[in-house]
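Participant: I would like the atomic coordinates for the input below:
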Amino acid sequence: MRTTTAGFSVTATLRIANVPGTFLRIVQEIAKRDGSLSEVHLVYGDFNYLIREVTVNCRSEEHSREIIGGLRELEGIELVEWQDDTFAIHEGGKLEIVSRIEIDTTDDLSRAYTPGVARVCSAIEQDKSKAYSYTIKGNTVAVVTDGSAVLGLGDIGPEAALPVMEGKSILFKQFAGIDSFPICLATQDTEEIIQVIKAIAPGLGGINLEDISAPRCFEIENRLRAELDIPVFHDDQHGTAIVVLAGLLNALKIIQKPLESLKVVVNGFGAGGVACTRMLYAAGIRNIIPCDSAGAVYRGRTERMNSVKEAVIEATNP
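Facilitator: Numbers count the residues shown, from 1 in each chain. Now for the predicted structure:
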């Protein structure tokens, strides 16, 4: 049986008679249907009735509807309304653009916009590096995708990929204080993606490539690194590889085994698998056997191969 998770939580607003034991019936109903009671908030109360918001973690959408149906059927308890909490936090999108300064007077406006802003523009025109100090460029990253390889979902297109990219932008801000914005491109043409990113790069301090299918992602990253003067990071490759090596190094401390002695099987040889293989090789492991949907990847194999796999396998799988 799948475990309950906040990813499928629902919140029910219930009007309950202010009688001892009434709330116990709600808890029993949730438990009977294998829900996990997460939060309870008292919204209103008087001598006659209470209004409570009850949040329940569920296993799936079907399970959440089953629990809501059970609560609706309880005698003497009114289901006022309910919401799917995951969809609720996505309403209106998860991001907004907020000014870092207050504009309360005409003087403030004159400095932030015309005419004062022209002086800053002229300074940057004379020395483009000043854009890092006087604009958002120095702390802003674009999270760029074409929606072709979204984790667990596959090729779902740019619009459907947008919630994931918004989430990644939140992580940049929450954990690193870096501003970022999702850029979802309506093209899967390698050259078009490269040219679009190059065209928007002047306003950015870095590029985070996200959920672009292999092998196109390798060429896009390599070209952008060569042709731009800002950092280019492919999260599915390098983010994955970093945490894999970190976890492996910590595990080896426990078992006291040298890195170079390992024989490693990499299960999956797309963008993440290729990057993990390269990272492990750079760390000193030589006996690495990558596997994909066609089995072990080895020199001379012709099925489901590409130039990136061929280049990596030349140094691995002895």
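
Participant: In the stretch 51-200 of the chain, where is pLDDT below threshold?
Facilitator: Residues of the stretch 51-200 of the chain meeting the criterion pLDDT under 70: none.

Participant: for the closest residue to Leu42 other than its chain neighbours, helix, strand, or coil?
Facilitator: Excluding its sequence neighbours, the residue lying closest to Leu42 (Cβ to Cβ, 6 or more residues apart in numbering) is Arg52, at 5.7 Å. No exception for glycine: its C-beta is placed from N, CA and C like everyone else's. Counting by DSSP: H, G, I helix; E, B strand; the rest coil, the backbone at Arg52 sits in strand.

Participant: show me what contacts Arg52?
Facilitator: 13-14, 16, 23, 40-43 (Cβ atoms under 8 Å, 6 or more residues apart in numbering).

Participant: if you set the cut-off to 7 Å instead, what comes out?
Facilitator: 14, 16, 40-43 (Cβ atoms under 7 Å, 6 or more residues apart in numbering).

Participant: again with Asn250
Facilitator: Going by Cβ under 7 Å, 6+ apart, Asn250 touches no other residue.

Participant: Got phi/psi on it?
Facilitator: Note on Asn250: its backbone torsions stand at phi -70, psi -40 [degrees, to the nearest 10].

Participant: any idea how far it is from Val265?
Facilitator: Distance of Asn250 to Val265, given as Cβ to Cβ, to the nearest Å: 19 Å.

Participant: Would you map out the domains in the chain?
Facilitator: 5-90, 136-230, 238-313 (automatic domain parsing).

Participant: On the three-state scheme, the residue of the chain positioned farthest from its centre is what?
Facilitator: In the chain, counting by Cα atoms, centre = their mean, Phe47 sits farthest out from the average C-alpha position, at 46.6 Å. Per three-state DSSP, the local secondary structure of Phe47 is coil.

Participant: Show the contacting residues for it.
Facilitator: Counting by Cβ under 7 Å, 6+ apart, Phe47 has contacts Asn18.

Participant: How many residues are close by the nearest residue to Val164 once chain neighbours are set aside?
Facilitator: Once flanking residues are discounted, Val164 sits nearest to Val150: 5.8 Å by Cβ to Cβ, 6+ apart. Here the number of neighbours of Val150 (other Cβ atoms under 10 Å) works out to 21.

Participant: now Phe172
Facilitator: Counted with other Cβ under 10 Å, Phe172 comes out at 19.

Participant: so it sits right up against Asn139, yeah?
Facilitator: No. Assessed by Cβ atoms under 7 Å, Phe172 is found out of contact with Asn139, at 9.8 Å.

Participant: overlap in contacts of these two?
Facilitator: Ile178.

Participant: pLDDT averaged over the biggest strand by length in the chain - what is it?
Facilitator: Longest strand in the chain by number of residues (criterion: DSSP state E): strand 5-17. In this model, strand 5-17 has an average pLDDT of 97.

Participant: Same question for stretch 253-268.
Facilitator: Mean per-residue pLDDT for stretch 253-268: 94.

Participant: in the sheet, who's paired with the residue nearest to Leu42?
Facilitator: Beta-bridge pairing for Arg52 (DSSP bridges): Leu14, Leu42.

Participant: Report the rounded mean pLDDT for the next helix-or-strand element following the longest strand of the chain.
Facilitator: Sequence order places helix 22-32 as the next helix or strand after strand 5-17, per DSSP states H and E. Helix 22-32 comes out with an average pLDDT of 96.

Participant: so what does helix 22-32 touch, helix or strand wise?
Facilitator: strand 5-17, helix 61-72 (3 or more Cβ pairs under 7 Å, 6 or more residues apart in numbering; DSSP states H and E).

Participant: closest one to Asn222 among the ones you listed?
Facilitator: Nearest to Asn222 among the helices and strands packed on helix 22-32 is strand 5-17 (35.2 Å), distances taken as Cβ to Cβ.

Participant: what's the distance between Gly45 and Ala149?
Facilitator: 50 Å.

Participant: quick one: which of these two has more around it?
Facilitator: Neighbour comparison, Gly45 and Ala149: the larger count goes to Ala149, with 22 against 12 (by other Cβ under 10 Å).
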